[in-house]
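> here's a sequence, model it:
(one chain, ligands or ions: 1)
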Amino acid sequence: MSKELKQNLAKAEKFLARYKNDILPHHINGKEDMGRSGETFENHSPFDNSLIGRAASGNEADIDAACQAAWAAYPMWSSCPPAERQKILHKFTDLITERAEEIAIVESADTGQPIKFMAKAAIRGAANFKFYADRALESHNGQSLPAQDHMNFTVRKAIGPIGVITPWNTPFMLSTWKIAPALAAGCPIVHKPAEWSPMTAQLLAEIASEAGIPAGVWNLVHGLGETAGKALTEHEHIKAIAFVGETSTGSHIMRQGADTLKRVHFELGGKNPVVVFDDADFDRALDAVIFMIYSLNGERCTSSSRLIIQEGIQDKFIEALKSRVAKIKYGHPLDPATEVGPLIHDRHLQKVLEFVEFAKEDGAVVAVGGEKPSAKTGDEMLSKGNFIQPTLFINADNDMRIARGEIFGPVLTVMSFTDEEDALKIANDTEYGLAAYVWTNDLGRGHRMALGFEAGMVWVNSENNRNLQAPFGGVKNSGIGRDGGDYSFEFYMETKNICVALGVHNIPKLGK
Ligand code: NAD
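Reported below is the predicted structural model:
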């Protein structure tokens, strides 16, 4: 065991001690709340499946209490001067930064995501708050739209309480990405985090109260999707749902929210292509292809899970891939050297392993990995955890199940193409449309591909470089709506048009 892992394990013991003894509470109307039913659910370590804590399991009554609190706080928070909201959100940024190490270690222990990536995710959470704190003053801004004899102008107002429902893959960062703009816009929130990774939501709620967020503005209810999540999407006082998760859950939420006419923002699944042309910068493309599927355990909505490689370089590229993927270091998520950690839950691991069987049945070749570590593979120490070896499927085609389903693990499917038209056809032949990547040194072709991809976001000669002012979101079954920059305010706010006559136009005269 390395010195760094020993140090991180000692820190984890300190930070996680409280979760062993205490049940994670809800936070409703500024107070910790153990729930109305007394029911709890268990939380297990992805590393060895041991029990690491319990959380209160929210029901309809808990959700109702949280939504009532958010509704009561809405007039105050939405009319509070934006400069006040800005001050509190800046404080929030500072507090996240101060507790970044604790957040990263708790997140890594709770989700199995390697600490090397979670350290960055904690800092990104602070950056999300800073970005929207800086923009809070612009939140109400509108447009000036002069017309014949009239002047139109628009103003924006917070839409009302928001239900924020988040997944387990990078819960802390994703929660801040939704909550920061909602608060900056003047919306109170009710957050329902994923039941497989509830821990860092507690840290966020604590930081909220320390930062001076008024009672009722930030509410947190733990619980299962089918109970707490469902009740939140059905509640009359919730005016919009910001949801990140699976496509099928998005459909449920749309149905559940229909009676109360919810506005929805969905960030859903993906099966993102990365197209590499013969003329690409080989080494940079190789680094990016590997990074974008094996980082974050492949549990990443924008992962490039389908490699579409041009025939001229395919043999050389696949040989290079095989050698690199076989060397990816998987192990304890708290070891700074670890590149791939255990998957979130045994159920998710079984789903990913099932795709290995699909690969074999459908005629692809498992070129690297594909197994759960065990005595047989020389990794008995890891056999209690939800590990799968970093896996590479070759000789695939786009009709196979490994090319169609979102596997959401450290698993890459490789297929080849002949020319530009063929590449685009394969890339777009999917129900999803979140992200697409292309590698080529032909400027015109890079642009043509970017325009042709059916995706909400395209990266040309780049891995997933994120800029917070740029729109983030998907098309087709990958989502509805955009986050980032002013796009988030468009979702969390209502736009009102005010039309003022300049006093000279003709008014129709009836009954004269
Ligand atoms: P999930 O849909 O199973 O769960 C997400 C959240 O929804 C959880 O909090 C869950 O409790 C809740 N939920 C479940 N059923 C519900 C219901 N009927 N009503 C209300 N809430 C309900 O997703 P997951 O497995 O936690 O996360 C993985 C998925 O998230 C993947 O598909 C991934 O692509 C997607 N994701 C997308 C993005 C993006 O930006 N597009 C980002 C991260 C993750």
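> which elements pack onto the helix or strand of the chain with the lowest mean pLDDT?
Here the helix or strand of the chain ranked lowest by mean pLDDT, DSSP states H and E is helix 3-21, holding a mean of 93. Counting contacts by 3 or more C-beta pairs under 8 Å, 6 or more residues apart in numbering; DSSP states H and E, helix 3-21 is packed against strand 51-56, helix 100-111. All C-beta spots, glycine's among them, are computed from the backbone N, C-alpha and C.
> for these, give me a markdown table that also has mean pLDDT.
Shown next, in a markdown table, are those (pLDDT from 0 to 100):
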| stretch | mean pLDDT |
| --- | --- |
| strand 51-56 | 96 |
| helix 100-111 | 98 |
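> save these as CSV, and put in mean neighbour count and distance to the ligand too.
CSV is the format used below for these (neighbours: other C-beta atoms under 10 Å; distance: least, C-beta to the nearest ligand atom, whole Å):
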stretch, mean neighbour count, distance to the ligand
strand 51-56, 20, 12
helix 100-111, 25, 11
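> contacts only, for the most centrally placed residue in the chain.
Closest to where the C-alpha atoms of the chain average out (C-alpha atoms, centre = their mean) is L174, at 4.5 Å. Listed by C-beta atoms under 8 Å, 6 or more residues apart in numbering, the contact set of L174 reads 166-167, 244.
> so it sits in a helix?
Yes: checked against DSSP: H, G, I helix; E, B strand; the rest coil, L174 lies within a helix.
> where does it land on pLDDT?
pLDDT recorded at L174 is 97.
> how about the one 4 residues further on?
With respect to pLDDT, K178 scores 98.
> mind checking how far S139 is from L89?
S139 sits 11 Å away from L89, going by C-beta to C-beta, to the nearest Å.
> likewise for P336?
On the measure of C-beta to C-beta, P336 and L89 end up 31 Å apart.
> do F282 as well
For F282 relative to L89 (C-beta to C-beta), the value is 44 Å.
> interface residues of the stretch 201-350 of the chain facing the ligand?
Contact residues, the stretch 201-350 of the chain versus the ligand (C-beta under 6 Å from any ligand atom): 225-226, 229-230, 233, 244-246, 249, 252-253, 256, 267-270, 301.
> circling back: quick one: which of F282 and L89 has more around it?
Set F282 next to L89 and count neighbours by other C-beta atoms under 10 Å: L89 wins out with 25 against 15.
> quick revisit: got CSV for the helices and strands packed on helix 3-21, with distance to K239 too?
Below are these laid out as CSV (distance: least, C-beta to C-beta, whole Å):
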stretch, distance to K239
strand 51-56, 25
helix 100-111, 29
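> and of these, who's closest to S2?
Among the helices and strands packed on helix 3-21, the nearest to S2 by C-beta to C-beta is helix 100-111 (15.2 Å).
> what's the closest one in contact with?
8, 11-12, 15-16, 43, 45-47, 52, 96, 113-115, 118-119, 121-123, 125-126, 168-172, 197-200, 203, 333-334, 341, 344.
> which ones among these are found in helices?
Counting by DSSP state H, the contacts of helix 100-111 place 8, 11-12, 15-16, 96, 115, 118-119, 121-123, 125-126, 171-172, 199-200, 203 in helices.
> among those, name the buried ones.
Buried residues within the ones in helices among the contacts of helix 100-111, defined by neighbour count using 16 or more other C-beta atoms under 10 Å: 8, 11-12, 15-16, 96, 115, 118-119, 121-123, 125-126, 171-172, 199-200, 203.
> out of the contacts of L174, which are inside strands?
V244 (DSSP state E).
> out of the contacts of L174, which comes closest to R404?
Among the contacts of L174, and counting by C-beta to C-beta, the member closest to R404 is P167, at 20.8 Å.
> grab the nearest non-local neighbour of the closest one.
Nearest in space to P167, with sequence neighbours left out and distances taken as C-beta to C-beta, 6 or more residues apart in numbering, is G245 at 4.5 Å.
> count the neighbours of the one you found for me.
G245: 23 neighbours (other C-beta under 10 Å).
> likewise H150?
Neighbour tally, H150, other C-beta under 10 Å: 14.
> same thing with the one 3 residues further on?
The tally of other residues near F153 (other C-beta under 10 Å) stands at 14.
> what strand or helix carries it?
Per DSSP states H and E, F153 falls inside strand 150-158.
> which strands and helices lie in contact with that strand?
Strand 150-158 packs on helix 60-79, strand 144-147, strand 493-501, going by 3+ C-beta pairs under 8 Å, 6+ apart.
> list the residues that contact K192.
Contact partners of K192, counting by C-beta under 8 Å, 6+ apart, are 58, 63, 163-166, 220-223, 225, 228-229, 232.
> make TSV out of these and add neighbour count, secondary structure and pLDDT.
Output for the contacts of K192, formatted as TSV (neighbours: other C-beta atoms under 10 Å; DSSP: H, G, I helix; E, B strand; the rest coil; pLDDT from 0 to 100):
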residue	neighbour count	secondary structure	pLDDT
G58	31	coil	98
I63	28	helix	99
G163	31	strand	99
V164	27	strand	98
I165	24	strand	98
T166	26	coil	98
L220	27	strand	98
V221	30	coil	98
H222	28	coil	98
G223	28	coil	98
G225	19	helix	98
A228	27	helix	98
G229	27	helix	98
L232	32	helix	98
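> can I get those residues in a markdown table with distance to Y487?
Converted to a markdown table, the contacts of K192 look like this (distance: C-beta to C-beta, whole Å):
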| residue | distance to Y487 |
| --- | --- |
| G58 | 30 |
| I63 | 28 |
| G163 | 19 |
| V164 | 16 |
| I165 | 19 |
| T166 | 19 |
| L220 | 25 |
| V221 | 27 |
| H222 | 29 |
| G223 | 29 |
| G225 | 26 |
| A228 | 28 |
| G229 | 24 |
| L232 | 23 |
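> out of these, flag the one nearest to T391.
T166 (27.0 Å).
> one step back: closest to the ligand out of the helices and strands packed on strand 150-158?
helix 60-79 (10.4 Å; C-beta to the nearest ligand atom).
> so how far is the closest one off the chain centroid?
Relative to its chain's centre, helix 60-79 lies at 25 Å (C-alpha atoms, centre = their mean, to the nearest Å).
> host element of T338?
Going by DSSP H and E, T338 is not part of any helix or strand.
> what does the one 10 residues further on give?
Secondary-structure element containing H348, defined by DSSP H and E: helix 346-362.
> the strands in the stretch 201-350 of the chain, which residues?
Ranges of strands in the stretch 201-350 of the chain, per DSSP state E, counting those that start in this stretch, are 218-220, 240-244, 263-267, 273-276, 306-310.
> point out the most buried one among those.
Most buried of the strands of the stretch 201-350 of the chain, by mean neighbour count (mean count of other C-beta atoms under 10 Å): strand 218-220, with a mean of 29.
> for that strand, packing partners?
strand 26-28, helix 60-79, strand 189-192, helix 199-211.
> give me that answer again for 10 Å
strand 26-28, strand 31-33, helix 60-79, strand 162-165, helix 171-185, strand 189-192, helix 199-211 (3 or more C-beta pairs under 10 Å, 6 or more residues apart in numbering; DSSP states H and E).
> looking at the contacts of L174, spot the one nearest the ligand.
Closest approach to the ligand among these (C-beta to the nearest ligand atom): P167, at 3.0 Å.
> give me the domain ranges for this structure.
Listed by automatic domain parsing, the domain ranges of the chain are 28-43+59-268+478-497, 273-460.
> could I get the ones you listed in CSV, plus columns for distance to N506?
Shown next, in CSV, are the domains of the chain (distance: least, C-beta to C-beta, whole Å):
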stretch, distance to N506
domain 28-43+59-268+478-497, 9
domain 273-460, 46
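> between those, which gets nearest to K512?
domain 28-43+59-268+478-497 (21.1 Å).
> which SSE is immediately downstream of the helix holding H348?
Tracing the chain C-terminally past helix 346-362 and defining elements by DSSP H and E, one meets strand 365-368 next.
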